[in-house]
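**Q** what's the 3D shape of this:
(2 chains)
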Amino acid sequence: MGRYLLGRLGSLVPILLGTSLVAFLLIRLVPGDPAVALLGMEADDTALAALRAKLALDQPLWVQYFSWLAAILKGDFGRSIQGGREVLPLLASALGPTALLSAAALAISLVIAIPAGVIAATRRNTGADYAASFVALCGLSLPSFWLGILLILLFSVQIPLLPASGYVSPLVDPAGFLARLVLPAVTLGAALAASTMRMTRAAMLEVLRSDYVRTARAKGLAPSRVVWRHAFANAQIPIVTLLGIQMGQLLGGVVITETVFAWPGIGKLTVDAIFARDYPVVQGAVLLTAALFVLINLATDLVYTVIDPRVRVA
Amino acid sequence: MLRRILGAGLGVALALAAAHPAAAQDKKSLAVGIVSDPVTLDPAQMASFFELSVQYNIHEPILHMTPDLKIEPGLASVETPDPLTYAFTLKPNLTFHDGTPIDAQAAKANFDRMLDPNGGSPRRSELGPVDSVTVTGPLTFTIKLKTPYAPFLQVLANRAGMLVSPAAVKSLGADFATKAVGAGPYKVVSWTKNSELVLERFPGYWRGPAAIERIVFRPMADETVRVTNLRSGTVQLVDAVPAQTVAQLGRESAITVKQTDGLGFNAFSFNTTRPPFNDAKVRRAFAMAIDPTAVQKAVYFGTGAPAYGPIPPSIGWAYDKTAPHPKADPQGAKKLLAEAGVTTPVPVAITVTNSPAQVRTAEILQAMANQAGFKAEVKQIDATSLITVLRQKDFDLCMSPWSGRSDPDGNMFNYFTKTGPNNFAGYASDKVTDLLMQARSVAAQDERAKLYKEAEKQIAADAPMLFLTFPATIQASVSSLDWLQYPDGAFHLQFAKFK
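**A** Just a heads-up that it's a prediction; the model follows:
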């Protein structure tokens, strides 16, 4: 187990090196550079040249790459070109809100999707199934910017229950944090719930057809016990896989939801950085996201061994 | 079980709602919805349009410009014994937010910092003809120019005139950009990227402490989101209200919408350095095919004004009221193309950024041009690519909008002089360059107005740019807020108070 973990964590090194190089090169292929983005329309050539020299953008590419890499090995991710904040604290301060929002959205999606998926599977081709599938289709099809604005109009403008947008740290104001969390988490959770519900339904249908479920039924076990203890327990693997993928995607940032609710997350930060050609922030964000993806995959694999004793890690 | 969870959830939601009435309003604190986070709070480095919303609340220029574009004393008063000499006297006993005294030495340190060739400050080109800054007393200093520069005082009422604490510049280093210590009505408390910039009023402000104690700027990129947040009371003042919502918001009694003529223009540059637009006849034919009023109606919903030149009506003394406003004339355009001897339809690309308003504008141009012997396609790019495309002249016709300045020089010199940094068209007219040089160096306003009108006439004949609209500045607040609107859209919240 320890060796397995070490091996998996060791694989992080080539993955991160690879992504760092790709991120470094791709952002430089886009037209425009940080100096142009920063100084804007008015800039004259002398000001641009001075800024490029200050940012070491006039150095050869490989020099820029290796000096960036060398700095990172020392824990120095550099400073944002737009505004001069240190990249690592900047990313960390944006990752927190995104992680909290993601966790809440996933929790909401599970509370909706698991019961709905199980009901749809056990009452296949009945009204309940069609209703659940229809709602899931709606959840998948509703664009989050639209659902988000609709929720704001309903719960902040028409019935002023919740703040329309913003973020406060849960450490500073827990109640205020929760109040601001509800609408974006529901917006995001709705879309996630749809695919989780479909996945739950498919996995349950598969398992409900298997021999041991028929045996369990034949033994005369209570239907709820058959469904939850025997069937659902074995339908969890694909659901956990999907959750792992969803979590990875969410942590990469949920730009639209973050934008609609002015939630200071990593998605908007990264997209803004790309538009501004803020090289250090883009590169740092890509590295961080890649590392998180690998770690979440690892965590998913470890969860498999918990929910299915047949799965072993070597 | 499920019912219990749902019940608990509802309970929590109601408890939260009780603890946080969404529309809580106290008169001491104001939340403002702005389009984007500022990039930097250091006035020497500001280069984006988005800093305009916050800059005057943190920083104080040595001169102040009123909403009707008049210059009055700010931190200092000024005398101009001759067109090359500006003698400033700072108000006594003032300090920056950190307690550092505002004296002539501090002012000089600020100008030296902005003029430092290695500092990369965009202010350096704005302060262009400054020759020297000399301290003449504890509170007096003199700026000498190399050549007369009529818009100089306007420039000093903007970013180039904002003084910051030299002590804080030294002690904060690279963090100065996010913590900025100035002399404005409010000082920076905290700034969380993409979330909130919190300001607290500065008791030592020269006009006396502001009425509102605390201001929170909250970036909301989406225009619908900004308006919705205003309607819910989450913010009490918003910038950049979309034109299509003006009519609806105007009917809501809890909301006040304010509109004023802006300073900038929405225009396109013709690439005069390559076919087909290297021929003035082809450029004029394209311009003839376009009706700016149609763009103003379809894209700006009738707000603002159609543009036929670079100087907007808000600069009343220089705006040419008599300039012709021709309607679209596709037949005349075809005739001009025939005279130019080009084969029709003439293929041209219209390059715009991918914002809805710009794409809509491009599509209208496309439709009108196609009726007049052109075959136009629309190319969409992102905002940073735009600047590169313009500078490399990699376009036929490309949007080059300008946020505008209070002096006509700011709307024309960089665009139409031969070596101007915003002369994306590659327009090389000795006559216009001379006129604009002259207009910059004479002091009398009526004489300057004559020169600008003459330059505008020549520009209309040569058509290096296609002018479309002077967008209005549209902002809105809750009705209980009393505030001043400025043509450039900048907020000066020292003048704001709740009724």
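**Q** B:Y427 contacts B:P464, correct?
**A** Yes: B:Y427 is in contact with B:P464 according to C-beta atoms under 8 Å; the separation is 3.6 Å. C-betas here are computed from N, CA, C, even on glycine.
**Q** Mind listing the shared neighbours of these two?
**A** B:T272, B:F416 (C-beta atoms under 8 Å, 6 or more residues apart in numbering or on different chains).
**Q** Setting the sequence-adjacent residues aside, check what's closest to residue 84.
**A** Let's take chain A. Of all residues not flanking A:G84 in the chain, B:A177 sits nearest, at 4.1 Å (C-beta to C-beta, 6 or more residues apart in numbering or on different chains).
**Q** if you could check chain B rather than the one you did, that'd help
**A** Using C-beta to C-beta, 6+ apart, the closest residue to B:L84 is B:L145 (4.8 Å).
**Q** confidence score at the one you found?
**A** pLDDT recorded at B:L145 is 95.
**Q** show me what contacts it?
**A** Contacts for B:L145 (C-beta under 8 Å, 6+ apart) come out as B:P83, B:L84, B:T85, B:Y86, B:P129, B:V130, B:D131, B:F152.
**Q** any weak-confidence spans in the chain?
**A** No chain was given, so I picked chain A. A:313-314 (pLDDT under 70).
**Q** Chain B was what I was after
**A** By pLDDT under 70, the low-scoring segments of chain B are B:1-25.
**Q** Tell me how far the residue nearest in space to the middle of it lies from B:L127.
**A** Among the residues of chain B, the one closest to the centroid is B:S403, at 3.6 Å (C-alpha atoms, centre = their mean). Distance from B:S403 to B:L127, counting by C-beta to C-beta, to the nearest Å: 19 Å.
**Q** Could I get the full set of helices for the stretch 101-250 of chain A?
**A** All helices of the stretch 101-250 of chain A, identified by DSSP state H, counting those that start in this stretch, fall at A:127-141, A:144-152, A:174-208, A:211-218, A:223-225, A:233-251.
**Q** among the ones you listed, which is the most enclosed?
**A** helix A:174-208 (a mean of 22; mean count of other C-beta atoms under 10 Å in any protein chain shown).
**Q** How far off centre is it?
**A** Offset of helix A:174-208 from its chain centre (C-alpha atoms, centre = their mean, to the nearest Å): 13 Å.
**Q** Can you check what angle separates that helix from helix A:211-218?
**A** Angle, helix A:174-208 to helix A:211-218, by axes from the mean of the first three to the mean of the last three C-alpha atoms, to 10 degrees: 90 degrees.
**Q** list the contacts for the residue lying closest to B:V181 once chain neighbours are set aside?
**A** Residue nearest to B:V181 in three dimensions, not counting chain neighbours: B:A168, with 3.6 Å by C-beta to C-beta, 6+ apart. Residues near B:A168 by C-beta under 8 Å, 6+ apart: B:F96, B:H97, B:D98, B:T100, B:F176, B:K179, B:A180, B:V181.
**Q** Those residues: which two are farthest apart?
**A** Within the contacts of B:A168, two members stand farthest from each other by C-beta to C-beta: B:T100 and B:K179, at 14.1 Å.
**Q** So which bits of the stretch 151-300 of chain B are right by chain A?
**A** By C-beta under 8 Å from any C-beta of the partner chain, the residues of the stretch 151-300 of chain B that approach chain A are B:174-175, B:177-178, B:192-196, B:218-222, B:224-225, B:228-229, B:231-234.
**Q** Against chain B, how distant is the spatially most central residue of chain A?
**A** In chain A, the C-alpha closest to the average C-alpha coordinate belongs to A:L250, at a distance of 1.1 Å (C-alpha atoms, centre = their mean). Using C-beta to the nearest C-beta, to the nearest Å, we find A:L250 at a distance of 17 Å from chain B.
**Q** okay, now the closest residue to that residue other than its chain neighbours: neighbour count?
**A** Counting by C-beta to C-beta, 6+ apart, A:S102 is the residue found nearest to A:L250 once chain neighbours are left out, at 3.6 Å. Counted with other C-beta atoms under 10 Å in any protein chain shown, residues neighbouring A:S102 total 25.
**Q** Would you quantify the distance from A:S102 to chain B?
**A** 16 Å.
**Q** In contact with that residue, which residues?
**A** Contacts of A:S102 by C-beta under 8 Å, 6+ apart are A:L188, A:M247, A:L250, A:L251, A:V254.
**Q** before we move on, what about B:A243?
**A** B:A243 touches B:V299, B:Y300, B:F301, B:G302, B:T303, B:G304, B:A472, B:I474, counting by C-beta under 8 Å, 6+ apart.
**Q** redo that, cut-off 6 Å
**A** B:Y300, B:F301, B:T303 (C-beta atoms under 6 Å, 6 or more residues apart in numbering or on different chains).
**Q** what does B:L30 give?
**A** B:I212, B:I215, B:Q236.
**Q** Now, of the residues you listed, which are buried?
**A** Using 16 or more other C-beta atoms under 10 Å in any protein chain shown as the burial test, those include B:I212, B:I215, B:Q236 as buried.
**Q** My reading is that the second one lies in a helix. Confirm?
**A** This means B:I215. No: assigned with DSSP: H, G, I helix; E, B strand; the rest coil, B:I215 falls outside any helix and is strand.
**Q** Name whatever forms a beta bridge with it.
**A** B:L30, B:L199 (DSSP bridges).
**Q** Contacts only, for it.
**A** Per C-beta under 6 Å, 6+ apart, neighbours of B:I215: B:L30, B:Y186, B:L199, B:L493.
**Q** swap the cut-off to 8 Å and go again
**A** B:I215 neighbours (C-beta under 8 Å, 6+ apart): B:S29, B:L30, B:A31, B:V32, B:N57, B:Y186, B:V198, B:L199, B:L493.
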